[in-house]
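Visitor: with the sequence up front, the predicted model follows.
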Amino acid sequence: MPDMTAAKAPPNIFDEDALALRRLRAAKREDSFLMERCVADLIDRLLDVNRDFENVLIYGPSTLDTAIRSKLPDSKINNISTFETLDTLPSRPDFDLIISLLRLQSLNDLPGGIIRLSKCLKADGLFIGAMFGGDTLTELRQVFYAVDEMHLGGLSAHIYPMVSHTQAGALLARAGLNQPVIDTDRFTVSYGKLNTLISDLRDLGETNILSERVKTPLGRAYKTALEATYKDMFSTQNNKLTCSFEILWLTGWTPHESQQKPLKPGSAKMRLEDSLKDIRKRRP
């Protein structure tokens, strides 16, 4: 009889060998403006936290160490350890801050990955992660659909699924993190050519690494149709290609007795209705 209690393995949405190769290539390219945007946002967030961090874990490229440290006061962060993959993470909760920038969206087991990272945090440790959300590349996704129908007679895998704001909150709760906060950075970029957009994705190693992707190169006719269709569907008045990005910021703390706890249901001393009546009476 099969073991019904065994955990079901997550689906292999991503080709991890292809992902590793593309990230190696990305490391030799120019810094991504998307990563630079995330680093700048991260710095603001850390400066808003009234705490210094002794031991910091970065899940991402080793270049983030210098990029982050150089923009913070010396006292804000002391020791930084960088890990390129989840497999190399330490097994003990030795860190009081964990940072992950634009890496989580490419995990086959996203819930398990966040849980794995959270287990490296000490009590009252802070997790900050940035990942692409569901509105990212929405125009390019629709253009692929249209061109696939014209040239391939059906849809094929190009842009992978991304989590929503609600799903991101559930991921933090599942990892046991307190005071979860999800906020969104949405912005639009105008491109003169489709190749420039593709180049920006290559800077991150985030081009198509879906396991079910078509592995033969797209022909010249397909690429020509792709750019022409993009211009027809999503071009600005000056003939630029419009591309949307959504970056979800996930923040949560590992439990600690010093943290503020929510009131139990029914524990309020005054009903909302009575409170509103009292406010109305005091109005001039």
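Guide: Now that the structure is in, tell me what you want to look at. All of these numbers come straight from a predicted model, not from anything done at the bench.
Visitor: what are the phi and psi angles of residue 178?
Guide: Main-chain torsions, residue 178, degrees, to the nearest 10: phi -90, psi 160.
Visitor: now do residue 146
Guide: Residue torsions, per degrees, to the nearest 10, at residue 146 are phi -70, psi -40.
Visitor: got the contact list for it?
Guide: Under the criterion of CB atoms under 8 Å, 6 or more residues apart in numbering, the neighbours of residue 146 are 229, 233. Every residue, glycine included, has its C-beta placed from N, CA and C.
Visitor: do you know how far the most centrally placed residue in the chain is from residue 121?
Guide: In the chain, the residue lying closest to the centroid (CA atoms, centre = their mean) is residue 131, at 0.6 Å. For residue 131, the distance to residue 121 (CB to CB, to the nearest Å) stands at 18 Å.
Visitor: cool, and residue 108?
Guide: Counting by CB to CB, the gap from residue 108 to residue 121 is 22 Å.
Visitor: tell me which of those two has more neighbours.
Guide: residue 121 (23 against 16; other CB atoms under 10 Å).
Visitor: find the nearest non-adjacent residue to the more buried one, please.
Guide: Distance criterion CB to CB, 6 or more residues apart in numbering; nearest residue to residue 121, sequence neighbours excluded, is residue 254 at 4.5 Å.
Visitor: could you give the number of residues near that neighbour?
Guide: Quick note: residue 254 (other CB under 10 Å) scores 23 neighbours.
Visitor: ok, it touching residue 120?
Guide: No. Judged on CB atoms under 8 Å, residue 254 makes no contact with residue 120 at a distance of 9.7 Å.
Visitor: mind listing the shared neighbours of these two?
Guide: Common neighbours of residue 254 and residue 120 (CB under 8 Å, 6+ apart) are residue 93.
Visitor: now do the contacts for residue 249.
Guide: Counted by CB under 8 Å, 6+ apart, residue 249 has contacts 41, 45, 128-130, 181-185.
Visitor: what about burial for the residues you listed, which qualify?
Guide: For those, a neighbour count by 16 or more other CB atoms under 10 Å gives the buried set as 41, 128-130, 182.
Visitor: just to revisit the earlier point, who touches the residue nearest to residue 121 in this structure?
Guide: 93, 118, 121-125, 127, 176-178.
Visitor: phi, psi of it?
Guide: phi -70, psi 150.
Visitor: report pLDDT for it.
Guide: The score at residue 254 is 94. That number is its pLDDT.
Visitor: do residue 15 as well
Guide: 86.
Visitor: I'd guessed it sits against residue 208; true?
Guide: No. Contact criterion CB under 8 Å: residue 15 and residue 208 do not qualify, at 9.1 Å.
Visitor: so the closest residue in space to residue 109 that isn't next to it in sequence is in which element?
Guide: Nearest non-adjacent residue to residue 109, counting by CB to CB, 6+ apart: residue 10, 4.0 Å away. Assigned by DSSP states H and E, residue 10 belongs to neither a helix nor a strand.
Visitor: now do the contacts for residue 10.
Guide: 108-109, 112.
Visitor: distance from stretch 144-162 to the middle of the chain?
Guide: Its chain's C-alpha centre and that of stretch 144-162 lie 23 Å apart, by CA atoms, centre = their mean, to the nearest Å.
Visitor: how much space separates residue 237 from residue 190?
Guide: With CB to CB as the criterion, residue 237 and residue 190 are 11 Å apart.
Visitor: which one of those two has more residues nearby?
Guide: residue 190 (13 against 5).
Visitor: what pLDDT is listed against the closest residue in space to residue 247 that isn't next to it in sequence?
Guide: Spatially, and ignoring its direct neighbours in sequence, residue 247 is nearest to residue 185 (4.3 Å; CB to CB, 6+ apart). With respect to pLDDT, residue 185 scores 97.
Visitor: residue 215 too?
Guide: Predicted confidence (pLDDT) for residue 215: 77.
Visitor: so residue 241 sits against residue 230, correct?
Guide: Yes. Assessed by CB under 8 Å, residue 241 is found in contact with residue 230 at 5.3 Å.
Visitor: many thanks, we can stop here.
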